[in-house]
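Enquirer: Curious how this folds, go ahead:
(chains A and B)
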Amino acid sequence: MSAHSSFMFSHRKWVVAASLPVLAAAWWAFRPEKLWINQRVNEPAPFAASSDPQPLYTGRLQGEAHQTSGRATVYKAPDGAEYLRLSDLSTSNGPDVHVVLSRSEDANLQQEIVKGQLDRIELGALKGNQGDQNYDVPASVDLRRYDAVVIYCERFHAVFGVAKLEQF
Amino acid sequence: MISKVKLVLALAGLAFAFGLQAPAYAQDSMHQQDNMKHEDGMQQQDGMKHEDGMQQDNMKHEAMPQENNGKAVETGTFHGKVHSTSGRATIYRAENGKLVLRLTNFKTSNGPDVHVILIAAKDADDDANFLKSNTKRVELGKLKGNEGDQNYEIPSGTDLGKFQTVSIYCERFNANFGAAALEKF
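Expert: From the prediction side, this is the model:
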């Protein structure tokens, strides 16, 4: 009886001893504690460019009805003014084409021709259908709400191209 | 008999202690710049990558005052569902041609042996395995933190026309945590 229990005891000890490295290896491989331990860093930008305008939001211009491509970026100048820059822009030329800000979730933007009234903020007439160009953004505009740049033909209510702005 | 048990326990303890080095590293990384050398001593597994880290660190200290004319050349947003990943990846080019990848508003899940790599692909699926698909890659270093802004030096000579996607990649399990397809800024 006592021989048997001592065997059981040492057997259990061996099992425990043998399973420890296995458990340690499994823990090392999966590191489950990382599921709730975060590792936060906050490095400064690689180039100190505080005197230059800083990009705030950016997005790619896309358009199906009228082939539109390029990038729309909203910059903040050192004096606090915000402006929109279109770079590598290429769209079709047209009558009374404007650059406007609208809301990306607006269903009107899914259509080529807007049926109703497009909720929009005017930035100005399109300066050129190709090339880099800048537009002032009124200080009162909330770009988290009006988060889409639209190349919009006022005469025919046609959406030439849309860029959804995302945080830079 | 007892000495054997003791030996096994000692070995288990050693294995455990070996594993513990990594979390110490994980928690120190907030003061990354100061602790870089210290970490190097502790981490024996991947000395190679750490050399990179050292260079990168030195580069930052030297570069900052001089290269104040870095320009964003490419940018993209992260996507990743299994390990939800979000934020922006931007590649800056300094006046002297040096390329730096910067992650901003970045967030991913923490994990073991996670690296930042560039892959030779237009984009990557959320469950991509680059070992299986034989995708070419450029190692940029161990992920410095699973949250926050961070910079990685890109080896000179890297062809950005070929390596078009940034991936947050778990080397241990060959799992893509998240990817950002880079487009011209």
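Enquirer: Could you pick out the residues of chain A near chain B for me?
Expert: Counting by C-beta under 8 Å from any C-beta of the partner chain, the residues of chain A lying close to chain B are A:10, A:13-14, A:17-18, A:20-21, A:24-25, A:27-31, A:33-35, A:37-49, A:55, A:58, A:60, A:71, A:73, A:87-88, A:166-168. C-beta: built from backbone N, CA, C; applies to glycine.
Enquirer: Buried only: go through those residues for me.
Expert: A:17, A:20-21, A:24, A:27-28, A:31, A:34, A:39, A:41, A:43, A:45-49, A:55, A:58, A:60, A:71, A:73, A:87, A:166-168 (16 or more other C-beta atoms under 10 Å in any protein chain shown).
Enquirer: can you list the domains in chain A?
Expert: Following automatic domain parsing, one finds the domains of chain A at A:2-35, A:54-167.
Enquirer: How far does the last one sit from its chain's centre?
Expert: Just to be clear, that refers to domain A:54-167. 16 Å (C-alpha atoms, centre = their mean, to the nearest Å).
Enquirer: Report the separation between the two terminal residues of that domain.
Expert: Start-to-end span of domain A:54-167 (C-alpha to C-alpha, to the nearest Å) is 12 Å.
Enquirer: before we move on, the earlier item: please narrow the buried ones among the residues of chain A next to chain B to those residing in strands.
Expert: A:41, A:55, A:58, A:60, A:71, A:73, A:87, A:166, A:167 (DSSP state E).
Enquirer: Domain map for chain B?
Expert: If you go by automatic domain parsing, chain B breaks into B:2-45, B:69-184.
Enquirer: Ok, which of those domains comes nearest residue A:159?
Expert: domain B:69-184 (21.3 Å; C-beta to C-beta).
Enquirer: Does that closest one reach chain A?
Expert: Yes - for domain B:69-184, a contact with chain A is found by C-beta under 8 Å from any C-beta, at B:69-70, B:72, B:75, B:77, B:88, B:90, B:92, B:94, B:100, B:102, B:104-105, B:109-112, B:144-151, B:172, B:183-184.
Enquirer: Using PyMOL, make a named selection holding only the buried ones among the residues you listed.
Expert: Filtering the residues of domain B:69-184 next to chain A down to the buried ones (16+ other C-beta under 10 Å) takes a single PyMOL command:
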select buried, chain B and resi 70+72+75+77+88+90+92+94+100+102+104+109+110+111+112+144+145+146+147+148+149+150+151
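Enquirer: Tell me which of the residues of domain B:69-184 next to chain A fall in strands.
Expert: Using DSSP E, the residues of domain B:69-184 next to chain A in strands are B:72, B:75, B:77, B:88, B:90, B:92, B:100, B:102, B:104-105, B:147-151, B:183-184.
Enquirer: Go through the domains of chain B and pick out the most buried.
Expert: Comparing the domains of chain B by mean neighbour count (mean count of other C-beta atoms under 10 Å in any protein chain shown), domain B:69-184 ranks first with a mean of 18.
Enquirer: mind showing which ranges of the chain have poor pLDDT?
Expert: Picking chain A for this. Counting by pLDDT under 70, chain A contains low-confidence ranges at A:1-9, A:48-51, A:64.
Enquirer: think we crossed wires, I meant chain B
Expert: B:1-68.
Enquirer: Fine by me, we can end here.
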